[in-house]
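1. Below is the structure, and that's it, no one-letter string:
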Ligand SMILES: Cc1cc2nc3c(=O)[nH]c(=O)nc-3n(C[C@H](O)[C@H](O)[C@H](O)COP(=O)(O)OP(=O)(O)OC[C@H]3O[C@@H](n4cnc5c(N)ncnc54)[C@H](O)[C@@H]3O)c2cc1C
Ligand SMILES: Cc1cc2nc3c(=O)[nH]c(=O)nc-3n(C[C@H](O)[C@H](O)[C@H](O)COP(=O)(O)O)c2cc1C
Ligand code: FES
C-alpha cells in the first residue's frame, strides 16, 4: 500500500499537508527552528504585521483560564519594512508554504502593507487579519459587518499579488454572512476563527488579570465554537476553509476536516508542545493508513449526522 | 533525561503540569536549582502557590515530567570580578545558589561570595539548607526578625554596602519578588554598583514566540522578552 496523500490545495496553492501554524503563536518561524524541522510543516503563518512597528500593550499581557488562555499582546510586530528586510530572508527556501498575516487600522494601512509585500515571491499567500479582538480599531469592525468586510476584501484583492485569505472573528452574530461577503468580494479562502472576547479577574485581590482589561481567548476551551463556525461557514461558501481554534493534536485536526475545513492551524498548542504540529502530521498519516484512506481530502466535510 | 553539562545559572526549565489533560494548560517556569555532575540530575526548588505547583507537589519519584530547557539567558559573570553579592528573596534562592556553586566550582574564592537571603520568618529556613552548606558568607534577613537581620533583604544589602563588608567592587545579583528587585535596583543605582536581576513573568511559551512575558526597557518605549533576552538582565536595562 502506498502512503496516504496529505496534500491539499487552497487558493491554487498546494500545501504538502493540511497542518499550518497560526499567526501570533509561531513568531516569524525562526523561533521554532531549533525545536522542529520546519520543512515538514504544511505552512507557516507569521505574526500579524502592520505599516509601522508596534510595541504592543503593557504587561501582564496573558492569563491562563480553564483549558485556555487570554492574550492582549496588542499586535506587537516589527512593521512591514523590517519584516521584509529581516524576517522574510529566513522564510525563503524553508521548504514550506509561507502565509503572511496582515493587520491594519484602516483600509489604507492594509493596502500599504500589501503593496510592500507584492513581488516577494517567497510569500505564498496573504492572511488578512480583519478580526483582532484586543486592539481598538484594529480590524475587528471589518469582520463584524458584511458590507464593510466586502469592501475591504474587494479593495485588497484588487491590488494583492497573492491568493487572499481573510481571517474571521467568532465575535459576530452570524459568521455565515461575513464569510459570504468575503467570498463575493473575491477571497480565495477563509481562515477561522480568531480569538473570542474574554476577561478574567482574580477573586482574592480583585484585580483584572490583563492590563488591557479584555483579551482574546484561545486554546482547547474554544474548539467547539470553532468547529461550529467551520461547519456553518462550509455550508454557505465554496472556497476552502482553514480551521483554527483549540487544536492540540491529530484528533482535533480530523474533527476540523470532518466539519468542512481543508486545512488547519495550530495556535496555543505550540506554546504547550513545540513539536505538536510534527506529531500531528505523523499521527494523521498513521490514522489515514490504518483506515485505508488514500487521500486526506476524503475527510473534508464528511461529518455524519446522528 | 540527564543533562550533560553544568547548566548556566539563571537559566530555567519550562515544565508541563499535566501530561494528558488540558487544564492547567500551559507550562510553568522554574529556575535550575542544583545539578549533580555524576548523575546529570537537575533539581528545582519551588513553592506551592497555585494549581500547577500543587500538581507538581503530588508527583512521586520515578514519574515522568515533560520538561523543556534549559531556556533563557542566565548570569554571565567572569571569574575576574572582585566580589560577588547574591541577594535572594524567597523563591529567588535557587538560581543564586547555583550561581554560587558554579563560581566555587570554577575556583572562585568563597570568601569573596556573600549570600544575603531574605525570608518572611525563620520557619522558611529549610529553603536555604543547601546554601548553608556552601563555604560562603551567608546572612539572613527576615521580615519579623526571627532570624538574622530584621527587615527586608534589600535593607540588609544597603547596611552591608554602608559598612563596607561586601568588599571592593561588589557585583550584585538578585532574584526574588518584584518589590524586592525594585528596591535592589534602586540601591545599586544609588551606590553605583554593577547589578544583575533575574526576573519572573508569566510565561506562556518560554521560547520567545508569544510575546506575553515582556518587561519594559528602561528609558525606551520598547519591551523585551523575559524568556529570551532574560530572565537575567542588567539592572539598568529594565524598568520594573
Ligand atoms: C524564569 C522563572 C523562574 C522561576 N523560578 C522559580 C523557582 O525556582 N521556584 C519557584 O517556586 N517559582 C519559580 N518561578 C515562579 C513559578 O513559575 C510560578 O510560581 C508558577 O508558574 C506558578 O504556577 P501555579 O500553577 O502553581 O500558579 P498559578 O495558579 O498559575 O498562579 C498562582 C499565582 O502565581 C502567579 N504566577 C503565575 N505564573 C507566574 C510566573 N511565571 N511568575 C510569577 N508569578 C506567576 C499568578 O499570577 C498567581 O498570582 C519562576 C518563574 C519564572 C518566570
Ligand atoms: C499569544 C497570541 C497571539 C496571537 N496573535 C495573533 C495575531 O497577531 N494575528 C492573528 O491573526 N491572530 C493572532 N492570534 C490568534 C491565533 O492565530 C488563533 O486564531 C487563535 O489563537 C485560536 O487558535 P488556538 O486556539 O489554536 O490558539 C494570537 C493568539 C495568541 C494566543
Ligand atoms: S513566554 Fe512567550 S515570548 Fe516569552
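-> Perfect, thanks for sending it. Here the structure is a predicted model, which is why all the values come from computation and not from measurement. Ligands and ions are numbered 1, 2, ... in the order given.
2. Any residues of chain B in contact with ligand 1? List them.
-> Counting by CB under 6 Å from any ligand atom, the residues of chain B lying close to ligand 1 are B:12, B:24, B:28-31, B:44-47, B:49-53, B:91, B:94, B:200-203, B:231. Quick note: C-beta positions are derived from backbone N, CA and C, even for glycine.
3. What count of nearby residues applies to the closest residue to ligand 2 within chain B?
-> With CB to the nearest ligand atom, the shortest gap between chain B and ligand 2 falls at residue B:210, namely 4.3 Å. Close neighbours of residue B:210, defined as other CB atoms under 10 Å in any protein chain shown, add up to 29.
4. With residue B:138 instead?
-> Residue B:138: 18 surrounding residues under other CB under 10 Å.
5. got the residues of the stretch 101-250 of chain A near chain B?
-> Contact residues (CB under 8 Å from any CB of the partner chain) of the stretch 101-250 of chain A with chain B: A:219-220, A:248.
6. and those residues as TSV, adding pLDDT?
-> Shown next, in TSV, are these (pLDDT from 0 to 100):
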residue	pLDDT
A:219	98
A:220	98
A:248	98
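7. Now a PyMOL select for only the buried ones of those residues.
-> In PyMOL, a selection of the buried entries from those looks like this (16 or more other CB atoms under 10 Å in any protein chain shown):
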select buried, chain A and resi 219+220+248
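8. neighbours of residue B:221, just the number please.
-> 7.
9. and the gap between it and ligand 3?
-> Distance, residue B:221 to ligand 3, using CB to the nearest ligand atom, to the nearest Å: 19 Å.
10. I figured that residue was touching residue A:55, is that so?
-> Yes - using CB atoms under 8 Å, residue B:221 is in contact with residue A:55, at 5.9 Å.
11. pLDDT score assigned to the closest residue to ligand 3 within the stretch 51-200 of chain A?
-> Closest to ligand 3 within the stretch 51-200 of chain A is residue A:62: 8.2 Å, counting by CB to the nearest ligand atom. pLDDT, residue A:62: 98.
12. Would you map the helices across the chain?
-> With no chain named, the answer covers chain A. Remark: helices assigned in chain A by DSSP state H are A:80-82, A:88-91, A:107-117, A:146-159, A:175-184, A:223-234, A:250-259, A:269-272, A:276-290.
13. Let me rephrase: I mean chain B.
-> B:51-57, B:93-105, B:129-133, B:153-163, B:178-191.
14. Output the contacting helices and strands for the second one.
-> If you count contacts as 3 or more CB pairs under 8 Å, 6 or more residues apart in numbering or on different chains; DSSP states H and E, helix B:93-105 packs onto strand B:28-31, strand B:34-36, strand B:83-89, strand B:113-119, helix B:129-133, strand B:170-175.
15. any idea how far ligand 1 is from residue A:295?
-> Noted for residue A:295: a distance of 43 Å to ligand 1, by CB to the nearest ligand atom.
16. try residue A:126
-> Residue A:126 is 35 Å from ligand 1, by CB to the nearest ligand atom.
17. Ignoring the adjacent residues along the chain, who's closest to residue 70?
-> Here I'm looking at chain A. residue A:215 (3.7 Å; CB to CB, 6 or more residues apart in numbering or on different chains).
18. that's the other chain; I wanted chain B
-> Distances taken as CB to CB, 6+ apart place residue B:11 nearest to residue B:70, at 3.9 Å, with adjacent residues excluded.
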